[in-house]
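Participant: Prediction below, plus the sequence it came from.
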Amino acid sequence: MPVADSSLIDDIEDIVNKNSSPGEIRQENKRLVVPKSRRIKQTREEPVQADSIIPGTQKVWLKTWGCSHNNSDSEYMAGQLASYGYKITDDSESADLWLLNSCTVKNPAEDHFRNEIKKAREKQKKIVVAGCVPQGQPRTDYLQGLSVIGVQQIDRVTEVVEETLKGHSVRLYGQKKLEGKKVGGAALSLPKIRKNPLIEIIAINTGCLNQCTYCKTKHARGELGSYPPDEIVARAKQSFEEGVIEIWLTSEDLGAYGHDIGVTLPQLLWKLVEVIPEGARMRLGMTNPPYILEHLEEMAKILRHPRVYSFLHVPVQSASDSVLMDMKREYCQADFRHVTDFLKERVPGVTIATDVICGFPTETEDDFEETMKLVEEYKFPSLFINQFFPRPGTPAAKMPRIPAQLVKQRTKKISELFHSYRPYDHKMSEIQQVLVTETSHDQQYYVGHNKFYDQVLVPKNENLMGKMVTVRIVETGKHFLKGQLLSDKGIVQPDVPLPLKKGQVSGASGLVQIENNSNHNIFMAVSLFAVLIAIVWRFYSLFLGTT
C-alpha cells in the first residue's frame, strides 16, 4: 500500500495565505462562506402513547338470568363496582361494558345469554360474563376471548372489569377455601346495590350434596359450602338497619345447609328469627325433600312464627319412583308426601310450592300419569312446569330422548290441569295482614304478601309501600288476591329505619365508603398526572427532533 508523503501537505491550519494577517484571513473566509439553508425535517405527528383508560369512570350495564342466588351475586357485583366509582346504568346503549350473569339450568336461559353476547359484540361493547354457564362450561366456543368472573370470585369484579376495559381478557374460576376446605363464597359483608331496597337476598350456602343426572348446577356451583351462622345473622342485622323489611334465604338447596360445618338449618333459622324486627318477615327458599325430612318438627315451628312466611318451596320433579331414581333425586314419592302432609297438618294454611319436569328420557306414560295425580290431589297454588332439556355434560343428556312432540303434549296437559283449579277462592272476604314491598308488572298496583306468601294486590298509594297493612280480600284470581284497605289505622311501619334510596350502595360503613372514595380520588389524580407527563414528554421529544 502506498504511504502518504507528509511533506506534500501541511497541517490543515497552514493551508492559508502565509502573507496574510490572521485578521484578514478570518474576514476573507467569512466573505466567502455562504450559509446553507437547513431543511426542516417534516415529522408526522403520532398520537401520544399513554394509557387513557382511567378505571372507575365508565358505565356498566348488568343483566341477570336465573335464580335468586344469581340475583344476589349481581347485587354484590353492582355494589362493588359502584363503590369503586363505576356508574351502574339501566341504559345498555350508553354503557361502556356489559356484565352478563348467566343461568345454566335451562336451554332457553343459555340461549338468551348467548344472544346477548352476540348483540354486545355487534355493538362493540366490552364484555364480562359471570354465573353458572361460564363456570360450568369454560371451553364453550362463544365464550372464547371473553373475561369471566367465576361464581365464587365475585369479590374481584372490579379487577376484571378494569382489565377488560383496557382490552385484556381475564378469567377467574377458583373456589374460596379455608384451610383447604370449600366455603360459601365471597364475603357476605361486601357492598351491594339491592334491586329492591326493601328486600335483602342472603345466600346461606352454595353448591349441592347430591348431583341430579339432569342438572348442570353442580358443575358450576360445586360441592356444598355453607356460610357460618354468625356471618349470615350479621348480614341480616345490617340489612334491617338499612331499612330492609323482608329477607329471602337462598341457595341451591336450603335443607343441605350446615352439613359441611356441623350446623343444622333450624339452628340458623332460630338465630335469624331473634333479629327480625317487628313488622318484618323472612322467606325461606328451595329445599329438596331428603335433607328437610330430618328437621320437620323444628321446621313446622319456625314456619308458624309470626315473622316467618308460612311458605316452602319443595320440588318433587316427578311422582314416579322409577323416574326419581333415574334422576338420582335420593327420595321417593312417599317422602315428598310425608313432607307436604306433615307441614300442612302442623302449619295451618302453609303454602307448598313445587316443580315438575315433563319428558325426562325414561318417563313413561304411566310415570307421567302419576305426576298428574299428585298435582290433582294437592292442587299446588304455585307450580313450576318445565320441559326436560338435555344439558351438556350431564348423564341425562346421553339418554335416548322422548319425541319432542310428546314432551310438548305432556307439558300442555299438566299446564291445563294446573289452570283448571283456583287455589284462592276460599280466601274471599278474609281480613289479612299484608307486607307491601313491590309494584305490579302493569304498574297499576302495589304488591304485598300475606303470612302464606300469597301475592296480594293493594291500591297504589305511596303511603303503603314498605308498610304492613290490613286489608279485606275483595277479589281472587289464579295467581293473586286483591285487597281493600280497611282504614289508615291498619297501616303499620315495621320497626326499621327508612330504606336506602334506589341504587344506593349498602354493605359498607360510612368510614369505609369515605376511605374508598378517597383512595379512588388519589388514584385518579395519579393517573391524570401520569397522562400529563406522557404528553409533555412526547411534545418535548418532537421539539428536540426539529432542532
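Facilitator: Arrived safely, thanks for sending.
Participant: all contacts plus neighbour counts: C-alpha atoms, from now on.
Facilitator: Fine.
Participant: Now do the same contact list for F368.
Facilitator: Counting by Cα atoms under 8 Å, 6 or more residues apart in numbering, F368 touches S318, A319, S320, C358, R410.
Participant: In CSV, list these along with distance to I302.
Facilitator: Output for the contacts of F368, formatted as CSV (distance: Cα to Cα, whole Å):
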residue, distance to I302
S318, 27
A319, 27
S320, 30
C358, 33
R410, 37
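Participant: low pLDDT regions in the stretch 51-200 of the chain?
Facilitator: Low-confidence segments of the stretch 51-200 of the chain (pLDDT under 70): 51-53.
Participant: For it, just list every one of the helices.
Facilitator: Applying DSSP state H, counting those that start in this stretch to the stretch 51-200 of the chain gives helices spanning 68-84, 107-122, 132-136, 157-165.
Participant: Of all the ones you listed, which one is nearest L312?
Facilitator: Proximity to L312 (Cα to Cα) singles out helix 68-84 among the helices of the stretch 51-200 of the chain, at 14.7 Å.
Participant: Contacts made by the closest one with the rest, please.
Facilitator: 56, 62, 64-65, 87-88, 101-103, 131, 154-155, 157-158, 190-195, 201-203, 250-252, 505-506, 513, 516-517, 520.
Participant: Which among these count as buried?
Facilitator: Buried members of those, scored by 16 or more other Cα atoms under 10 Å, are 56, 62, 64-65, 87-88, 101-103, 131, 154-155, 157-158, 190-195, 201-203, 250-252, 505-506, 513, 516, 520.
Participant: Tell me which residues touch Y291, please.
Facilitator: Y291 touches G255, A256, counting by Cα under 8 Å, 6+ apart.
Participant: Kindly indicate whether T437 is helix, strand or coil.
Facilitator: The three-state label for T437, taken from DSSP: H, G, I helix; E, B strand; the rest coil, comes out as strand.
Participant: Measure how buried it is and give me the count.
Facilitator: For T437, the neighbour count with other Cα atoms under 10 Å is 21.
Participant: mind listing what it touches?
Facilitator: With contact taken as Cα under 8 Å, 6+ apart, T437 is in contact with L198, I199, Y446, V447, G448, M465, G466, K467.
Participant: Would you mind giving the residues you listed as TSV with distance to K166, secondary structure and neighbour count added?
Facilitator: Shown next, in TSV, are the contacts of T437 (distance: Cα to Cα, whole Å; DSSP: H, G, I helix; E, B strand; the rest coil; neighbours: other Cα atoms under 10 Å):
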residue	distance to K166	secondary structure	neighbour count
L198	36	coil	25
I199	35	strand	22
Y446	43	strand	20
V447	43	strand	26
G448	45	strand	28
M465	43	coil	20
G466	42	coil	27
K467	46	coil	21
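Participant: quick one: which of those is nearest R346?
Facilitator: Nearest to R346 among the contacts of T437, counting by Cα to Cα, is G448 at 24.8 Å.
Participant: Just give the nearest non-adjacent residue to the closest one, would you?
Facilitator: V436 (3.8 Å; Cα to Cα, 6 or more residues apart in numbering).
Participant: Which pair of the contacts of T437 spans the longest distance?
Facilitator: Spanning the widest gap among the contacts of T437 are I199 and Y446, at 14.7 Å by Cα to Cα.
Participant: I'd like the distance between the most centrally placed residue in the chain and K119.
Facilitator: Taking Cα atoms, centre = their mean, the centroid of the chain lies closest to S74, which sits 2.4 Å from it. Here the criterion is Cα to Cα, to the nearest Å. By it, S74 lies 20 Å from K119.
Participant: any low-confidence regions in this protein?
Facilitator: 1-53, 507-547.
Participant: partners of the nearest residue to I491 once chain neighbours are set aside in the sheet?
Facilitator: Excluding its sequence neighbours, the residue lying closest to I491 (Cα to Cα, 6+ apart) is V469, at 4.5 Å. Beta-bridge partners recorded for V469 (DSSP bridges): V434, I491.
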